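Q: Here is a sequence together with a model predicted from it:
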There are 2 protein chains.
Amino acid sequence: MKEGWCSFDISEPNFRPLVVIELAKGTKEETREWLTKRIVDKKANGGAQLLVKPLVTENDDQNIYLVGASHFRLLLGAEAVGLVKECNDNSMRTFTYTSRKTFKDFAEDNHNFLTMAECQYIIKHELENLRAKDEKIIPGYPQAKLYPGKSIVRRLLTNGILVQIFPLHDQEELKKLRHTWYGRVKIGYQPLDEIRCYFGETITLYFGFLEYFTFALIPMAVIGIPYYVFAWEDYDKYVMFATFNLLWSTVILEVWKRFCAVMTYRWGTLLMKRQFEEPRPGFHGVLGINPVTGREEPVYSSIRRQIRIYLVSLPFVCLCLYFSLYVMMIYFDLEQWALDYHQENESNFSSLLLFVPSIIYAVVIEIMNRIYRYAAEFLTSWENHRLESSYQNHLILKVLVFNFLNCFASLFYIAFVLFDMKLLRQSLATLLITSQILNQFAEAFLPYWLQKRHKKRMKKKMFSQKTDTDLSLVEQVSLEKEMGTYFGTFDDYLELFLQFGYVSLFSCVYPLAAVFAVLNNITEIYSDALKMCRVYKRPFAEPTASIGVWQLAFETMSVISVVTNCILIGMSPQVNALFPDSKMDLILTVALVEHVLLAMKFVMAFVIPDKPRDIQIKLARLEFESLEALKQQNALG
Amino acid sequence: MKEGWCSFDISEPNFRPLVVIELAKGTKEETREWLTKRIVDKKANGGAQLLVKPLVTENDDQNIYLVGASHFRLLLGAEAVGLVKECNDNSMRTFTYTSRKTFKDFAEDNHNFLTMAECQYIIKHELENLRAKDEKIIPGYPQAKLYPGKSIVRRLLTNGILVQIFPLHDQEELKKLRHTWYGRVKIGYQPLDEIRCYFGETITLYFGFLEYFTFALIPMAVIGIPYYVFAWEDYDKYVMFATFNLLWSTVILEVWKRFCAVMTYRWGTLLMKRQFEEPRPGFHGVLGINPVTGREEPVYSSIRRQIRIYLVSLPFVCLCLYFSLYVMMIYFDLEQWALDYHQENESNFSSLLLFVPSIIYAVVIEIMNRIYRYAAEFLTSWENHRLESSYQNHLILKVLVFNFLNCFASLFYIAFVLFDMKLLRQSLATLLITSQILNQFAEAFLPYWLQKRHKKRMKKKMFSQKTDTDLSLVEQVSLEKEMGTYFGTFDDYLELFLQFGYVSLFSCVYPLAAVFAVLNNITEIYSDALKMCRVYKRPFAEPTASIGVWQLAFETMSVISVVTNCILIGMSPQVNALFPDSKMDLILTVALVEHVLLAMKFVMAFVIPDKPRDIQIKLARLEFESLEALKQQNALG
């Protein structure tokens, strides 16, 4: 069964498999032929002009295809997706095939000019842009309707004919990356440029942010330690710590933007023109004329979407928030009841009973979180957003608000209704530490262990005992296609966001939170790296220039934490002791301080430029050059 | 002396004088010849390829030139400045000479395709872009150094050889515009499109904003009237009024952005690409290489500018603010002293003395404002900003902060230190009304009267009794060159900004403020229109797409007014009566309401899109088309 491959390898030595297409079992011969023909066909005929080869496996059902492309084709594709690369004069420019010789490291025979991640991204882009010409249906599947311009791959995916498309790992490269990333215990930065070459910009920016954020927390952690060690309780020290934290968090978020601009400029994504976004796969509507493109495609009225958002989704989210608060109140009642019971009949049973409400609450929160997540995904999908980015933003907003309430409502209740600072500190510590341990376990180690077991079983089945790098292509594909899919950086950012909440919202009550956060993040880098390299299928690279909506989320959190910290300081007995006569003066002072802090934050955010000066100059130069080019073009025309 | 003109008019029937250049008296013959040659010279030789004619006046000193251009030259210039015009298919596109036939109303013989304001803007742009080639000095003036690429006109201006450049009025058009704008008493909108054709976008946006703002204030005024008529003092009505005002001000500022986008899209400026900005005339530095353009030009280190801003300007501004507060305190002391004196020795003299502090304070404020304005201009100029826009932003910020304090500090003091609501209401009314009357008088009617007197004297001197439209060109130029120069919309916006402060900062104390503001703005439209048409030289049109930094200024004011109104309501005796037992509960409630209002404002600003949907679609279509064009170009190349 491997002969097929051997003969193929000899006949076409240039074919390097980059992307795997898995069709459903039992896909009709007719469909398979039509699809492969369309993929291979010339651009002029509406094809993708890629190379495609069936993968011959034990069972004869031919449902896996490998897709590659010639070097020339990839370069044309790089131009089509608008890749930005470094030129010989160290400036970054949009790559075009005609100007290819001016780019750094370009040579006709240098197949490493494009990174493998870039090649795979190009192939994904070309496959997704394979559009129906005059086909009305997918051959063999009369129920899968097509119209001119409809993306074939998206229709195949929504109809379940196409199971998945995923890029192949490169075992050599991966091994090298693993080694420099987390293979040896060392103090140092992550190899972000190498990660970017292998996984693309979106994932690398997450790791970059995680690392940056960890470093940024260190000053907070260092200042927080003596508070714990010496049990400082003076109000002035607390005020200083909180003030430092609040201004510091603004500074780090602003400086991150600059840091991010430097990185994405180097990677070329800062300059990459936003491509015209196609409708997301799940989008549906009556066929009409898109007012932007003038093409025929499903159209869905924006007013109907607004109605769905404001009249259904928004009330539903509010209801969920209310329900979540209601459950919290029940929890506090149960807690009280258990305490009362314990005090009345002191026994082993009753002291065990003390833990029951917390356990029930933790379980209920987890269940609610999951149900809500499904509901949010369903609702956002039902809102029928045309663009993936708009879908993501609405989903993130929904999940963020609910998670914020679920995680912090009980802490807010303890702090501002029960006024129990001791309980607050205790709850905060418990929540922070347990959530960190659980997360790392559920996110990386459990899947890693499952994956390892599965791999072993697979290998046993194939009667081979080779190491990873010696695996044949057939084995590699069979292994990788069963691996889990990485659904993007959402959950990773969410975890970081909630952690930031634990650290900043109540920072003056529990200065040690930053220490735990730093410790967690150091292991988080390793466990996330492990997860990316070992547990999941390789994800497609996604060019991006920023962490997007998360920047806003973190900034909002830092504004909220100004309010909470000011209230907490105002409530502390030490500060209260300073105003023995008049509570009013105290509150007015606290309110004044809060407003001054908020104003300072806004001024700081305004004064610190989002991009470093040298990047600004480089961007201005590019703009100037394009204006000059336009002028000359006009003068000639 | 008019023969020169007559013969010229016959020989070149196409010459239409658009712009006037006035050289200093006694400018050397050599210089004049060189300048006119450069203006007339072909583009290929580095000239501006415009038409220029001397204006022969009584006194023989030939120091006034009229500049025009052929229709063809103007069309090329329209392309160079990147004008955006409406096409035959109703879309807006950047004008190019080659695609001229696709534009609406274009015909080779239609000289009205470009408005006169656009033609004048083009000529100004071309004159300013007349650059030194290999000249080292301006001929005849060895002290006026040049270097390759230096704008000749700017060097002439800084050396005082060029007195002024200004566009000519078009008496016919102006008469028509005056008639539709303010000639007849009518209820209706201003003819914004016609104003834009005559005065350009920047000035029209000011009038558009003034009109919009007046309409937006009407609901506040209508709700405010019954408070005055029925002398309502119930706290719930006040709370309702203030809440409405605060949310309303956010809505109007957000909706203005949409309104503005609709207008500027129609005018084409929304789509106009930002031109590369040349250094402002006053900018100086050592000759170096500009990192953006690669050209030789004066370079000034950004760090030295930052040092000047933060170590000199910022402390100076703070000092001025402190001084202003100090003067205010002296005023209140004087006031108190006068009151005491009056109570001790009641007499006519003492009751007159009561007014003295207010008068002195008003005069001192006015003097301080003027001195500060000069100081701010000097400092901002000394900060040596490379770009005019950056200079303007720094100047606006400085003047804004000081004016804010000067106008509102005494009101804040009365409200939040003296707690005297009656005095606050009285001061607010006095300040608002007197400042409005004084402004209108000083801004429009006084200059109008002076201008009229001057014109009469001029006409008498020329022994002619004709009406405006019959004036000969020589007379017109002599009249216009003596008219005052309009220094931009700064003072007009500032007036509106302060008015917005009076209306919104203390709206719950004095609901009638909106009524006065509406009344003032209606007359303001007329007096400003009069000022533009009759008092000042015609200003050059400036394309712009928004009101720029003023949007931010108004939004900041609306945030500050949330804070002030909440405090005012919290201080009112009616609200205090609701919390008889605990002042603490009162303050906490007020703080909570304030935070909720602020949060609502931010959410509203976030939710309301900045551009209406149809404009969004049109912009997206343009972007899509340019992407497609790029793709096709690449496919061909």
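A: Great, that's in hand. Residues are numbered from 1 along each chain as shown, chains lettered A, B, ... in the order given.

Q: so A:Ser572 makes contact with A:Val239?
A: No. Between A:Ser572 and A:Val239 no contact is recorded; they are 9.0 Å apart, counting by C-beta atoms under 8 Å. (Each C-beta comes from the backbone N, C-alpha and C, glycine too.)

Q: For those two, list the residues in contact with both.
A: With contacts taken as C-beta atoms under 8 Å, 6 or more residues apart in numbering or on different chains, A:Ser572 and A:Val239 have A:Cys508 as neighbours in common.

Q: ok, the residue in the stretch 1-150 of chain A that chain B sits nearest to - how many residues close by?
A: As assessed by C-beta to the nearest C-beta, chain B sits closest to A:Thr98 within the stretch 1-150 of chain A, at 5.5 Å. Neighbours of A:Thr98 under the rule other C-beta atoms under 10 Å in any protein chain shown: 9.

Q: Identify the residues contacting the residue in the stretch 151-300 of chain A that chain B sits nearest to.
A: Chain B sits closest to A:Val292 of the stretch 151-300 of chain A, with a gap of 4.5 Å, by C-beta to the nearest C-beta. A:Val292 makes contact with B:Ile617, B:Ala620, B:Arg621, B:Phe624 under the criterion C-beta under 8 Å, 6+ apart.

Q: For those residues, point out the one with the lowest pLDDT.
A: By pLDDT, B:Phe624 ranks lowest within these, coming in at 83.

Q: hang on, isn't that one packed against A:Arg274?
A: No. Using C-beta under 8 Å, B:Phe624 is not in contact with A:Arg274; the gap is 10.9 Å.

Q: Which one's more surrounded, those two?
A: The residue with more neighbours, out of B:Phe624 and A:Arg274, is B:Phe624; 16 against 10, by other C-beta under 10 Å.

Q: so who does the more buried one touch?
A: Counted by C-beta under 8 Å, 6+ apart, B:Phe624 has contacts A:Phe276, A:Val292, A:Thr293.

Q: hang on, the earlier thing: buried subset of the contacts of A:Val292 as a ChimeraX selection?
A: A single ChimeraX command is used to select the members of the contacts of A:Val292 judged buried by 16 or more other C-beta atoms under 10 Å in any protein chain shown:
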select /B:620,621,624
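
Q: Redo the contacts of A:Val292 as CSV? Include secondary structure.
A: Putting the contacts of A:Val292 into CSV (DSSP: H, G, I helix; E, B strand; the rest coil) gives the following:
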residue, secondary structure
B:Ile617, helix
B:Ala620, helix
B:Arg621, helix
B:Phe624, helix
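
Q: what is the mean pLDDT for stretch A:364-372?
A: Rounded mean pLDDT across stretch A:364-372 is 87.

Q: Enumerate the residues of the stretch 401-550 of chain A near chain B.
A: With the criterion set to C-beta under 8 Å from any C-beta of the partner chain, the stretch 401-550 of chain A never comes near chain B.

Q: quick one: the helices in the stretch 401-550 of chain A?
A: For the stretch 401-550 of chain A, the helices defined by DSSP state H, counting those that start in this stretch cover A:421-440, A:446-461, A:473-482, A:490-505, A:513-530, A:549-571.

Q: Just want the angle from the shortest one to helix A:446-461.
A: Our comparison of helix A:473-482 with helix A:446-461, counting by axes from the mean of the first three to the mean of the last three C-alpha atoms, to 10 degrees, yields an angle of 150 degrees.

Q: Give me the packing partners of helix A:473-482, helices and strands only.
A: strand A:19-23, strand A:64-68, strand A:162-167, helix A:446-461 (3 or more C-beta pairs under 8 Å, 6 or more residues apart in numbering or on different chains; DSSP states H and E).

Q: again, only using 10 Å
A: The helices and strands touching helix A:473-482, judged by 3 or more C-beta pairs under 10 Å, 6 or more residues apart in numbering or on different chains; DSSP states H and E, are helix A:3-11, strand A:19-23, strand A:64-68, strand A:162-167, helix A:446-461.

Q: how much space between A:Tyr198 and A:Pro191?
A: The gap separating A:Tyr198 from A:Pro191 is 10 Å, by C-beta to C-beta, to the nearest Å.

Q: joint contacts of these two?
A: A:Lys176, A:Leu177, A:Trp181, A:Thr204 (C-beta atoms under 10 Å, 6 or more residues apart in numbering or on different chains).

Q: buried subset of those?
A: With burial judged by 16+ other C-beta under 10 Å, the buried subset of the shared contacts of A:Tyr198 and A:Pro191 is A:Leu177, A:Trp181, A:Thr204.

Q: Past the helix or strand harbouring the first one, which element shows up next along the chain?
A: Counting by DSSP states H and E, the secondary-structure element that holds A:Leu177 is helix A:171-178. The first helix or strand that comes after helix A:171-178 along the chain, using DSSP H and E, is helix A:192-199.

Q: And the nearest residue to A:Lys42 once chain neighbours are set aside, which helix or strand is it part of?
A: Residue nearest to A:Lys42 in three dimensions, not counting chain neighbours: A:Gln49, with 5.5 Å by C-beta to C-beta, 6 or more residues apart in numbering or on different chains. Assessed by DSSP H and E, A:Gln49 sits outside every helix and strand.

Q: Let me see the confidence value for A:Gln49.
A: Note on A:Gln49: pLDDT of 89.

Q: That one - how many residues pack around it?
A: With neighbours defined by other C-beta under 10 Å, the count for A:Gln49 comes to 18.

Q: how much space is there between it and A:Arg73?
A: Distance, A:Gln49 to A:Arg73, by C-beta to C-beta: 6 Å.

Q: what does A:Tyr510 give?
A: According to C-beta to C-beta, A:Tyr510 and A:Arg73 sit 57 Å apart.

Q: A:Leu353: how many residues sit nearby?
A: Number of residues near A:Leu353 (other C-beta under 10 Å) recorded here: 17.

Q: What ranges does the stretch 201-350 of chain A have for its strands?
A: Along the stretch 201-350 of chain A, the stretches classed as strands by DSSP state E, counting those that start in this stretch are A:286-289, A:296-299.

Q: closest one to A:Phe554 among those strands?
A: Between A:Phe554 and the strands of the stretch 201-350 of chain A, the tightest spacing by C-beta to C-beta is seen for strand A:296-299, at 35.6 Å.

Q: if you average pLDDT over that closest one, what comes out?
A: Throughout strand A:296-299, pLDDT has a mean value of 82.

Q: CA atoms only: put it into CSV for me.
A: The C-alpha trace of strand A:296-299 is given here as CSV (Å, rounded to 0.1, in the frame of the first residue of the first chain):
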residue,chain,number,x,y,z
GLU,A,296,-25.0,37.7,-6.3
GLU,A,297,-24.8,36.2,-2.8
PRO,A,298,-27.1,35.6,0.2
VAL,A,299,-28.2,38.9,1.7
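
Q: List of residues touching it?
A: If you take C-beta under 10 Å, 6+ apart as the criterion, strand A:296-299 is touched by A:147-151, A:278-279, A:283-291, A:384, A:386.

Q: again, 7 Å this time
A: With contacts defined as C-beta atoms under 7 Å, 6 or more residues apart in numbering or on different chains, strand A:296-299 is touched by A:Tyr147, A:Pro148, A:Gly149, A:Pro279, A:Phe283, A:His284, A:Gly285, A:Val286, A:Leu287, A:Gly288, A:Ile289, A:Asn290.

Q: Now do the buried residues in it.
A: Neighbour-count burial for strand A:296-299 [16+ other C-beta under 10 Å]: A:Glu297, A:Pro298, A:Val299.

Q: Those into JSON lines, with extra columns for distance to A:Trp34?
A: Shown next, in JSON lines, are those (distance: C-beta to C-beta, whole Å):
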{"residue": "A:Glu297", "distance to A:Trp34": "22"}
{"residue": "A:Pro298", "distance to A:Trp34": "23"}
{"residue": "A:Val299", "distance to A:Trp34": "28"}
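
Q: just for the stretch 301-450 of chain A, where's the confidence low?
A: A:444 (pLDDT under 70).

Q: For A:Pro580, give me phi and psi.
A: Note on A:Pro580: backbone dihedrals following degrees, to the nearest 10 are phi -70, psi -30.

Q: Quickly note the distance from it to chain B.
A: Using C-beta to the nearest C-beta, to the nearest Å, A:Pro580 is found at 14 Å from chain B.
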